[in-house]
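Visitor: Test case, fold it:
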Amino acid sequence: MEQTNVAVIGAGPAGLAVGACLRKVGVDFIILEKGEQVGTAWRHHYQRLHLHTIKRFSSLPFRPFDRSYPRYVPRAEMVRYLESYAAAFDIKPRFGETVRSVRRDANAWIVESASSSVHAESVVIASGMNADPVMPDFSGRENFKGRVVHSAEYVDSAPFRQQRVLVVGMGNSGAEIALDLLEGGAKPTLAVRSGVHIVPRDLFGIPIQVVAMATSALPARANDTLIPFVLDLALGNLAQFGIRRPRQGILEHAAKSHKIPVLDVGTAKKISAGAIKVMPGISTMTEDGVVFNNGEQRLFDVIIFATGYRPNYRSFLPSDDGALGVERNDDDAGIYFVGFHVPITGQLRQIGKEAISVANDIARRSNARASH
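Guide: Numbers count the residues shown, from 1 in each chain. Next comes the predicted model:
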């Protein structure tokens, strides 16, 4: 069994950031990655995707984005950045290593993967929020004769030109895929089951991330009272087109549901213009379409489920162990989670903070053991 100070699970942005920070504090580590390259999830996102947060506050620790990158970094450039990041810090993950179990062994951990066993003093779970696609099972789904895909499989609009496409779910992926479909010549409709907060990516020329950071010191109630009035000025009142806000304000909703607002890159304007239709949630699927919760039936050639993802760490972590099965750090047990908190001020920015904090804590623990 191989020995190391830290076993890191995942070689996406969170795992690489942790690796770089551990390298800085001189702690040995091994990164296990189920894919064959760094940034597996980013490589499979749809082509038009850009970061919704600005590059200044989205780079990983100790290595800013190249000055030539645009303000909102595109998917392909993000992949190249992750590759260069790994090379800069001499991070060499072990690819093709699907982790099967993580279990306690006295005061340490045993991590079993596809072809190895690692004994580590600490474990960092950095396998990401978007590990496993969530595909809901609607009534009548087996009857639908058209094409059904998850947004994880969506690449671009080319295969859907001139087709009637229902996009189920209006998170950031659903909203942007609907826009991409429209611009590519498809006929998109959005099915929106519950309330959704939508904010412009840039508010009157200022990146919304910067606005969120500047107002984060204000009381949540004050923010949640003021923001809707500002957003109505920026986007118009979308309630008349079928987009209603949750009862909770943006900050309260984000805290309780762990969902950030939709950062709009043009979808709201197309909804207001009637180019993208909005319907309520699905009641049942038929052979050639769906029946919505309001009783209306419509025909569709394709249904794309933009219904999100779930983390996969529960497949290898027992949830009945006190420190496990939750997305929180337990320094006494030597287990840490990085990349599972998505604040409105930006996930990549948060990942950088968490990686530095976790690496420093691991180094402190390691030094304390050495001194004894």
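
Visitor: Same question for stretch 248-261: list its buried residues.
Guide: 249-251, 253-254, 259-261 (16 or more other CB atoms under 10 Å). No exception for glycine: its C-beta is placed from N, CA and C like everyone else's.

Visitor: Likewise for stretch 114-123?
Guide: Buried, per 16+ other CB under 10 Å, within stretch 114-123: 118, 120-123.

Visitor: Redo the residues you listed as CSV? Include pLDDT, distance to residue 229 and secondary structure.
Guide: Below are these laid out as CSV (pLDDT from 0 to 100; distance: CB to CB, whole Å; DSSP: H, G, I helix; E, B strand; the rest coil):
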residue, pLDDT, distance to residue 229, secondary structure
118, 97, 53, strand
120, 97, 51, strand
121, 95, 52, strand
122, 95, 47, strand
123, 96, 46, strand
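
Visitor: of those, closest to residue 175?
Guide: residue 123 (35.6 Å; CB to CB).

Visitor: Name all residues that make contact with that closest one.
Guide: The contact partners of residue 123, taken as CB atoms under 8 Å, 6 or more residues apart in numbering, are 6-9, 102, 109, 111, 334-336.

Visitor: quick one: low-confidence parts of the stretch 201-350 of the chain?
Guide: 319-328, 331 (pLDDT under 70).

Visitor: Relative to residue 176, how far out is the residue nearest to residue 199 when sequence neighbours are not counted?
Guide: Using CB to CB, 6 or more residues apart in numbering and skipping the chain neighbours, the partner closest in space to residue 199 is residue 261 (4.7 Å). Distance of residue 261 to residue 176, computed by CB to CB, to the nearest Å: 13 Å.

Visitor: Ok, residue 49 next?
Guide: 7 Å.

Visitor: between these two, which one's more packed in?
Guide: residue 176 (25 against 19; other CB atoms under 10 Å).

Visitor: Show me the strands in the stretch 101-250 of the chain, by range?
Guide: 101-105, 108-112, 117-125, 132-133, 147-150, 164-168, 187-191, 198-200, 202-203, 206-207 (DSSP state E, counting those that start in this stretch).

Visitor: Ok, the stretch 251-372 of the chain next?
Guide: 262-264, 277-279, 282-285, 289-292, 297-299, 302-305, 309-310, 335-337.

Visitor: Make JSON lines out of these and add distance to residue 127 and mean neighbour count.
Guide: Shown next, in JSON lines, are the strands of the stretch 251-372 of the chain (distance: least, CB to CB, whole Å; neighbours: other CB atoms under 10 Å):
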{"stretch": "strand 262-264", "distance to residue 127": "24", "mean neighbour count": "23"}
{"stretch": "strand 277-279", "distance to residue 127": "34", "mean neighbour count": "18"}
{"stretch": "strand 282-285", "distance to residue 127": "30", "mean neighbour count": "18"}
{"stretch": "strand 289-292", "distance to residue 127": "33", "mean neighbour count": "20"}
{"stretch": "strand 297-299", "distance to residue 127": "38", "mean neighbour count": "13"}
{"stretch": "strand 302-305", "distance to residue 127": "22", "mean neighbour count": "22"}
{"stretch": "strand 309-310", "distance to residue 127": "11", "mean neighbour count": "14"}
{"stretch": "strand 335-337", "distance to residue 127": "9", "mean neighbour count": "22"}
